[in-house]
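In: Below is the sequence, then the predicted model.
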Amino acid sequence: MARRNEPRRVVRAIAGALIALGAVAPAVRAQESWFRRLNLDKLEIASLGAGIGRIVPSQLVPTNLYYLQGDYGNITPAWRVTFGVSYWESRFEDEVVQAFADSLHKSLTDSTAQVRPSIVRIYDVAFNADARYSPLYGGWVKPFLGVGIAAHVLNAEGDLIKGTFVERALDDIAAGLYVTGGVTLRVVPHFQIEGSARGDLLSGFRSTQVRAGVAYVLGHARSTPRGDSPGRENGQDAHERGRNE
């Protein structure tokens with residue numbers, strides 16, 4: 001009896017798969033259409049830079065950060081897409097560690113036992129992507145505002161938390177949002193300086209940053225996305241491109 005029903009199950013499985021594919025296909029086509037409307041299929045690296053900054057995380061000691069950044073060009077004449085990675089390391093403030101040690105001491109049943117504070121360090125590697133708006137005009141100095149998402153790979157170390165659930169909780173891969181703003185200055189053809197400020201919002205903590213870096217602009221300005229004004233290339237005036245060449 002089981003063998004007789006087996007062909008029916010195969011036919012039903014195939015029919016179910018075809019129905020699922022039929023339902024998924026429109027969604028895939030819609031996603032491809034959205035992808036093309038934003039001109040994401042035309043993105044290619046336009047500049048590559050590196051820099052240093054200062055970060056002030058909540059409950060942590062302010063420290064330096066280091067970053068790499070790639071500009072992938074325009075999705076519209078006024079909007080650009082950038083990707084980057086950054087690294088910083090710091091430690092919890094002494095007051096924060098002491099408060100945590102005191103809370104542990106209060107929970108001990110042995111009043112003679114002591115909880116000794118120790119340095120608790122945090123390491124963060126963040127991968128980020130953002131969209132930036134710059135006003136359309138020719139010039140060497142251009143301001144920008146942007147919003148983006150970041151994936152943080154966090155690691156914590158310290159004798160006070162070693163091997164505890166606190167260390168496991170701090171060791172995390174978390175997503176966060178940020179806003180950024182600054183200016184870029186084209187000093188010579190193919191080289192530009194960027195200064196910016198940034199605010200991050202993460203589930204575990206918040207931080208503010210200031211950054212400064214230099215970038216090398218690769219090649220010449222590319223043509224604008226479809227449907228945009230032919231007089232602009234990469235959000236710049238045509239005469240600016242000619243001056244840079």
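Out: Happy to help now that I have it.
In: give me phi/psi at the nearest residue to residue 140 once chain neighbours are set aside?
Out: Leaving aside its chain neighbours, residue 140 sits nearest to residue 186 (4.8 Å; criterion: CB to CB, 6 or more residues apart in numbering). Every C-beta, even on glycine, is put in place using the N, C-alpha and C of the backbone. Main-chain torsions, residue 186, degrees, to the nearest 10: phi -90, psi 100.
In: Surely residue 186 is in contact with residue 214?
Out: No: under the criterion of CB atoms under 8 Å, residue 186 makes no contact with residue 214, lying 11.3 Å away.
In: Find residues that contact each of those two.
Out: Shared contacts of residue 186 and residue 214 (CB atoms under 8 Å, 6 or more residues apart in numbering): residue 192.
In: So those two - more neighbours on which side?
Out: residue 186 (19 against 13; other CB atoms under 10 Å).
In: Run through the residues that contact that one.
Out: 140-141, 192, 217, 244.
In: Can I get the buried part of the residues you listed as one PyMOL selection?
Out: Of the contacts of residue 186, the buried ones can be selected in PyMOL as follows, counting by 16 or more other CB atoms under 10 Å:
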select buried, resi 192+217
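In: of all the contacts of residue 186, which comes closest to residue 148?
Out: Nearest to residue 148, judged by CB to CB, of the contacts of residue 186 is residue 192 at 19.6 Å.
In: Mind checking the pLDDT average for stretch 166-182?
Out: Stretch 166-182 carries an average pLDDT of 91.
In: which residue sits closest to residue 215, ignoring its sequence neighbours?
Out: Leaving aside its sequence neighbours, residue 215 sits nearest to residue 49 (CB to CB, 6+ apart; 2.8 Å).
In: Is it correct that the one you found falls within a strand?
Out: Yes: per DSSP: H, G, I helix; E, B strand; the rest coil, residue 49 lies within a strand segment.
In: What's opposite it in the beta bridge?
Out: Going by DSSP bridges, residue 49 is paired in beta bridges with residue 69, residue 215.
In: In the chain, mark out all the strands, start to finish.
Out: 47-57, 63-76, 79-91, 121-133, 141-157, 172-188, 191-201, 206-217, 232-233, 236-237 (DSSP state E).
In: can you list those in CSV and add distance to residue 115?
Out: Shown next, in CSV, are the strands of the chain (distance: least, CB to CB, whole Å):
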stretch, distance to residue 115
strand 47-57, 24
strand 63-76, 26
strand 79-91, 18
strand 121-133, 18
strand 141-157, 17
strand 172-188, 24
strand 191-201, 31
strand 206-217, 28
strand 232-233, 63
strand 236-237, 60
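In: Those strands: which one's closest to residue 104?
Out: Residue 104 lies closest to strand 141-157 among those, at 16.0 Å (CB to CB).
In: Going by neighbour count, which residues of the closest one are buried?
Out: So for strand 141-157, counting by 16+ other CB under 10 Å, buried means 142, 144, 146, 148, 150, 152, 154, 156-157.
In: Could you dump these into JSON lines with distance to residue 163 and pLDDT added?
Out: Shown next, in JSON lines, are the buried residues of strand 141-157 (distance: CB to CB, whole Å; pLDDT from 0 to 100):
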{"residue": "142", "distance to residue 163": "51", "pLDDT": "92"}
{"residue": "144", "distance to residue 163": "45", "pLDDT": "96"}
{"residue": "146", "distance to residue 163": "41", "pLDDT": "97"}
{"residue": "148", "distance to residue 163": "35", "pLDDT": "96"}
{"residue": "150", "distance to residue 163": "29", "pLDDT": "96"}
{"residue": "152", "distance to residue 163": "23", "pLDDT": "94"}
{"residue": "154", "distance to residue 163": "17", "pLDDT": "92"}
{"residue": "156", "distance to residue 163": "12", "pLDDT": "92"}
{"residue": "157", "distance to residue 163": "11", "pLDDT": "92"}
